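>>> Sequence and predicted structure below; questions after.
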Amino acid sequence: MNNFEAIIGQSPLLETLIRSAKIVAATDVTVLLKGETGTGKEVFAHAIKNASSRANKEFLTLNCAALPESLIESELFGHKKGSFTGAIQSTQGLLQAANGGTLFLDEINSLPLSIQAKLLRFLDSGECLAVGDVRPYKVDVRVIAATNANLTELISSGAFRSDLYFRLNVVPFELPALTERSEDIELLIAHFFKLFEKNHGIKAPKFSKASLKVLKHYRWSGNIRELRNLCERLSILFADQIIEPEHLPLEFQKDANPIETHDFVLPSVGLKLDVLEANLINQALDRTQGNRSKSARLLGITRDTLLYRMQKHGFFTS
């Protein structure tokens, strides 16, 4: 059985990622998944777990942005009876509940600094300390963390510990934005339509060629999650019909037509192509606050091509 079959796509970028993930899954090393919101980080974490020796053990999830600081520590490490108001009984945390299995920490960038220190201690020693307890306990848990933020920038601002970052960043994976793997859009659509056909008991619609062209030029700020939601909506509203561009939401039609570069007129005095390219890269980076995936999208190139050209022009790319 292919443990990565839940990850839909055949783009070279995705296939390279999966090959590396299969190697890493066979170990117990800590993994850090990076990528924009909606790129499928939790699905990827599940695939790593299912391909590991912990496949039949617990897989628990904590969204670090979903709980207030006062509750996250107890949720992770557990608490002793009477350790705070409302603690009417001792409760184990997720780390203890996941013993022998895997814990997925989503949006690790939102973990409070005070909890980051305790997580670092666990990653280094396997020891946890429940809230209100004085004796630590040990567990065997593999941690897979995910972030949609630039952790190095958070380190610079003092919002994230550098030592925790280096401990999490043992094996990092950068999940590509949907626009970086646009050749997978049709495969994803077919997968989602089949899913909703079964879930809702309806016959799936089809996209016309013109509609597919619009989808492939759309910017997909919500990535795969946005595509999934669109497919579900259209499955219900246009069951067993052909979906034309006019059936798509207005934001798709407005955002789907980038400026045609063949309309550009070369000045009679000529230009310096290297200077123009560097200037356009600078503008894209400024407009996206340094986000390289979004900058590449604005320029109509892949992220790898952008990084190569940034290096060529002497931009800092580490």
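Happy to help now that I have it. Numbers count the residues shown, from 1 in each chain.
>>> Sort out which residues of stretch 306-317 are buried, please.
By neighbour count on 16 or more other Cβ atoms under 10 Å, the buried set for stretch 306-317 is 306, 309-310. For every residue, glycine as well, the C-beta is placed using N, CA and C.
>>> just stretch 91-110 next, same as before
Buried, per 16+ other Cβ under 10 Å, within stretch 91-110: 91-96, 98-99, 101-110.
>>> same question, stretch 55-71
Buried, per 16+ other Cβ under 10 Å, within stretch 55-71: 57, 59, 61-62, 64, 67.
>>> Turn these into CSV, columns for secondary structure.
What follows is those, written out as CSV (DSSP: H, G, I helix; E, B strand; the rest coil):
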residue, secondary structure
Lys57, coil
Phe59, strand
Thr61, strand
Leu62, strand
Cys64, coil
Leu67, coil
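>>> can you give me the helices in the stretch 51-200 of the chain?
69-77, 94-97, 113-125, 151-156, 162-168, 185-200 (DSSP state H, counting those that start in this stretch).
>>> Strands of the stretch 101-250 of the chain, residue ranges please.
Applying DSSP state E, counting those that start in this stretch to the stretch 101-250 of the chain gives strands spanning 102-106, 127-128, 137-138, 142-147, 171-174, 206-207, 242-243.
>>> so what's the closest residue to Ile72 other than its chain neighbours up against?
Closest residue to Ile72 apart from its sequence neighbours, by Cβ to Cβ, 6 or more residues apart in numbering: Ile115 at 5.5 Å. Going by Cβ atoms under 8 Å, 6 or more residues apart in numbering, Ile115 touches 69, 72-73, 76.
>>> Okay, and the beta partners of Val31?
Val31 has these beta-bridge partners by DSSP bridges: Ile144, Val171.
>>> Touching, Asn148 and Asn109? I think so.
Yes. The pair Asn148 / Asn109 is scored as a contact, 7.3 Å apart, by Cβ atoms under 8 Å.
>>> on that earlier part again, in a markdown table: the buried residues of stretch 306-317, plus pLDDT.
What follows is the buried residues of stretch 306-317, written out as a markdown table (pLDDT from 0 to 100):
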| residue | pLDDT |
| --- | --- |
| Leu306 | 87 |
| Arg309 | 87 |
| Met310 | 89 |
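>>> Thanks a lot, catch you later.
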